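S.K.: What follows is a predicted structure for the sequence shown.
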Amino acid sequence: VTDAARFDRAYFDRWYRDPRHRVHSPGERARRVALVVAATEAVLGRPLRRVLDVGAGEGHWQPILARLRPRARYRGLDPSAYAVARFGARRGIRLGGFDDLRAAGRRPYDLVVCSGFLNYLPAPRLRAGLSALRALIGGVAYLELFTAADELSGDHATMDRRSAATYRRWLGTAGLVPLGLHCWAPRAVATGLAELERAGA
Ligand SMILES: C[S@@+](CC[C@H](N)C(=O)[O-])C[C@H]1O[C@@H](n2cnc3c(N)ncnc32)[C@H](O)[C@@H]1O
C-alpha cells in the first residue's frame, strides 16, 4: 500500500518512536548513514556534496548527515502530506516520490537514498521508477530492498518480496551495478572500481 494518507503521524509514532514496534534504533540508523556516506565518498574520491532522499518520511537521515557533513546539501521527497507539513521546512523535504521526482530537479546527486519503501511498490512502478531515478544517481544509490528469503520484523505484511536474482536483474536493466550492503552505482561510475569492489561482478 503506498497510499500517502497511510503515512500519517500515527504511522511514524508506531514504527519510529514506540520501542515495541520500531525497526531501527537511533544507533543503527546512524551507523547505516555513516556507512553510506563513506561508501559514496570512496566511490567518488571526494567529500559528499549533494544528497537526495526519496521517500524521506520525517527525514531521519537529515540531522545525521548534517552532523557528519555540514556542507552537504540535502533534498528530501515524500508523498506524505503530514511529513512535509511537519518536517518539510526544517529538514528540506518536499512533496514528491519515487513516481514523481520533479522536485529533485535534473542535476545528479552524489548520493540517492531509497530507504524503507521500495518493497511496498508494485513491480511495474518499481521498475519504471528505477529507470527514471538512474539519471539522478551521480555516485551511489542506497536502495533498501528485501527479498523473500530475508527474515524481517516490522511492517512487512504488505511488502512485495521477490528473489535476489529478480532484483539484481531489474536493477541491472536500470543500469545499476551492486556494490554490496544495499549500495548500487551506475555502470559508468562502477567501471572506475576494481573488479572485486563490486559485489557479484
Ligand atoms: C518506512 S517510511 C521510511 C522513511 C525514511 N526513508 C526512513 O528510512 O526513515 C516509508 C516512507 O515511504 C513513503 N512512500 C510511500 N510511497 C512512496 C512512493 N511511491 N515514493 C516515495 N515514497 C513513498 C511514505 O510516505 C513514508 O514516508
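M.R.: Yep, it's here. Numbers count the residues shown, from 1 in each chain.
S.K.: So which helix or strand of this structure has the lowest pLDDT on average?
M.R.: Ranked by mean pLDDT, DSSP states H and E, the helix or strand of the chain with the weakest confidence is helix 9-12, at a mean of 92.
S.K.: Backbone dihedrals for the spatially most central residue of the chain, please?
M.R.: Closest to where the C-alpha atoms of the chain average out (Cα atoms, centre = their mean) is residue 114, at 1.5 Å. With angles defined as degrees, to the nearest 10, residue 114 sits at phi -130, psi 90.
S.K.: All further residue positions should be reported with the first residue as 38.
M.R.: With 38 as the first residue, the last one maps to residue 151.
S.K.: and it, how far is that from the ligand?
M.R.: Distance, residue 151 to the ligand, by Cβ to the nearest ligand atom, to the nearest Å: 7 Å. Every residue, glycine included, has its C-beta placed from N, CA and C.
S.K.: Okay, buried residues for the longest helix seen in the chain please.
M.R.: For the chain, the helix reaching the highest residue count under DSSP state H is reported as helix 63-81. By neighbour count on 16 or more other Cβ atoms under 10 Å, the buried set for helix 63-81 is 66-67, 69-70, 73-74, 76-78, 80-81.
S.K.: hmm, back to that, contacting residues around the least confident helix or strand of the chain?
M.R.: 94-95, 119-120, 123 (Cβ atoms under 8 Å, 6 or more residues apart in numbering).
S.K.: and if we set it to 7 Å?
M.R.: 94-95, 119 (Cβ atoms under 7 Å, 6 or more residues apart in numbering).
S.K.: which residues touch residue 121?
M.R.: 115, 130-132.
S.K.: Those residues of this protein touching the ligand, which are they?
M.R.: Contacts of the chain with the ligand, taken as Cβ under 6 Å from any ligand atom, map to 39, 41, 44, 91-94, 97, 115-117, 120, 134-136, 152-154, 158.
S.K.: which of the residues you listed count as buried?
M.R.: Here, 16+ other Cβ under 10 Å leaves 39, 44, 91-94, 97, 115-117, 120, 134-135, 152-154, 158 buried among those.
S.K.: from the residues you listed, which ones fall inside strands?
M.R.: 91, 115 (DSSP state E).
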